[in-house]
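**Q** below are the sequence and a predicted model; questions follow.
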Amino acid sequence: MLGGRTIGYFLGGLVVSVSSLAFSLGGSSYGAEYVGNSGCKCHMGKGCYEGEEYKERLHSNTWEKRLKGTPDAENLECLKCHATAVGEKIAEAGKKYLPNVQCEACHGAGSEYKKLKENYQGKGKDAFKEILKKDPIEARKAQYDAGLVVAGINGPATVKEQCLKCHWESKDDKNKCPKTDKVMDYKEYFKKDDHRDNDEIDDVIKKMSPDDKKKWAALLPKDEILNSPLKPKKKE
Ligand code: HEC
Ligand code: HEC
Ligand code: HEC
């Protein structure tokens, strides 16, 4: 079963981090399908992720801008970095890929997570929100069990490795775009792309007991970014 979970882009790190956190590995997430950005709409409104602002980002329109209407529009060699879910299970019938670098390119196939948010344990649409407030640690586990990708937990060992799937730090790197030599400056790039929010769950964490705070910290992988205190971006 574990093998199924590692299919896709995100290899390594998984077995070690999951078992060391003693998560229960429910079978449900293995069949998760890619639902596309519209499936992530809880996060697309003002106040959470970027909403309209997201559409301005390079990730969100890189297929349209770089490949659409060119002979490379369907070129798998290009789609692996300029699109999402190439060769994976996509919910919408007949699709071979989702254009652009969508949420699920980094956060994993979302269908199981979406179900959980819509009807957690069969208790209706507000149940998951409630559990986020009452027991964020339980909520976190449920998210991970549904296959939500966070670097170091369900995914590559670090956020940087996650980026290096499509970016490169040296001009000699083999995993590189044939159309540009521009290298990634990781810290700069992360800053530009940082969209961590400061929502209900972050408020709950602040109020946790020292013991629970420790448990919470144990749920985060050792990563220079993920271990840094959550600093929400100021909305200009
Ligand atoms: C390994 C991942 C990867 C592959 C494979 C890849 N690209 Fe890219 N591409 C990128 C990234 C990342 C950038 C932006 C680099 C940056 O700004 O740091 C980019 C930038 C571009 C640009 C803009 C270049 C410029 O002048 O700024 C074009 C056009 C492009 N890619 C087309 C293609 C085409 C066509 C293919 C297939 C033949 C392809 N890419 C394959 C990752 C990739
Ligand atoms: C290029 C990779 C990438 C893409 C694309 C991406 N994210 Fe993220 N996202 C990250 C990373 C890295 C983090 C920080 C690590 C973490 O908290 O998971 C993050 C964090 C988040 C968080 C905060 C999680 C928390 O618990 O604080 C939310 C919410 C989120 N992303 C939603 C989205 C949505 C919605 C989209 C699509 C519109 C999206 N992301 C697209 C990489 C990405
Ligand atoms: C699925 C492939 C993919 C992944 C994973 C990915 N990127 Fe990208 N990224 C791209 C592509 C393609 C572009 C080029 C967009 C364009 O110019 O068309 C890009 C462009 C960018 C840019 C804009 C560059 C500029 O000069 O403005 C930033 C910033 C960026 N990525 C940050 C990140 C970070 C940080 C991560 C890891 C958390 C990441 N990316 C992961 C594919 C990816």
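**A** Looks like it arrived, so ask away. Ligands and ions are numbered 1, 2, ... in the order given.

**Q** quick one: secondary structure of residue 133?
**A** Under DSSP: H, G, I helix; E, B strand; the rest coil, the three-state class of residue 133 is helix.

**Q** oops, could you answer that again for residue 138 instead?
**A** Three-state assignment for residue 138 (three-state DSSP): helix.

**Q** distance of the residue nearest the centre of the chain from ligand 1?
**A** By Cα atoms, centre = their mean, the chain has its centre lying nearest to residue 107, at 1.6 Å. Distance, residue 107 to ligand 1, using Cβ to the nearest ligand atom, to the nearest Å: 18 Å. (Each C-beta comes from the backbone N, C-alpha and C, glycine too.)

**Q** so what's that residue closest to, chain neighbours aside?
**A** residue 149 (5.0 Å; Cβ to Cβ, 6 or more residues apart in numbering).

**Q** surely the one you found is in contact with residue 155?
**A** Yes. Residue 149 is in contact with residue 155 according to Cβ atoms under 8 Å; the separation is 4.2 Å.

**Q** and the two? which has more neighbours close in?
**A** Taking neighbours as other Cβ atoms under 10 Å, residue 149 and residue 155 compare with residue 155 leading, 28 against 24.

**Q** doesn't that one belong to a strand?
**A** No. Counting by three-state DSSP, residue 155 is not part of a strand but coil.

**Q** check what pLDDT it gets.
**A** Note for residue 155: predicted pLDDT of 83.

**Q** what about it, distance to residue 83?
**A** According to Cβ to Cβ, to the nearest Å, residue 155 and residue 83 sit 19 Å apart.

**Q** cool, residue 136 as well?
**A** 33 Å.

**Q** mind listing the helices for the protein?
**A** Along the chain, counting by DSSP state H, helices occupy 2-6, 14-20, 58-66, 76-82, 103-107, 111-118, 127-134, 136-145, 159-164, 186-193, 200-206, 210-218.

**Q** tell me which of those helices sits most buried.
**A** helix 103-107 (a mean of 22; mean count of other Cβ atoms under 10 Å).

**Q** mind listing what the residue nearest to the centre of the chain touches?
**A** With contact taken as Cβ atoms under 8 Å, 6 or more residues apart in numbering, residue 107 is in contact with 40, 148, 149, 150.

**Q** any idea of the pLDDT on the residue of the chain most remote from its centre?
**A** Most distant from the centre of the chain: residue 71, at 29.8 Å, with distances by Cα atoms, centre = their mean. We note a pLDDT of 98 for residue 71 in this prediction.

**Q** contacting residues for it?
**A** By Cβ under 8 Å, 6+ apart, residue 71 lies in contact with nothing.

**Q** which residue sits closest to residue 213 in space, ignoring its chain neighbours?
**A** Nearest residue to residue 213, sequence neighbours excluded (Cβ to Cβ, 6+ apart): residue 205, at 7.3 Å.

**Q** thanks a lot, catch you later.
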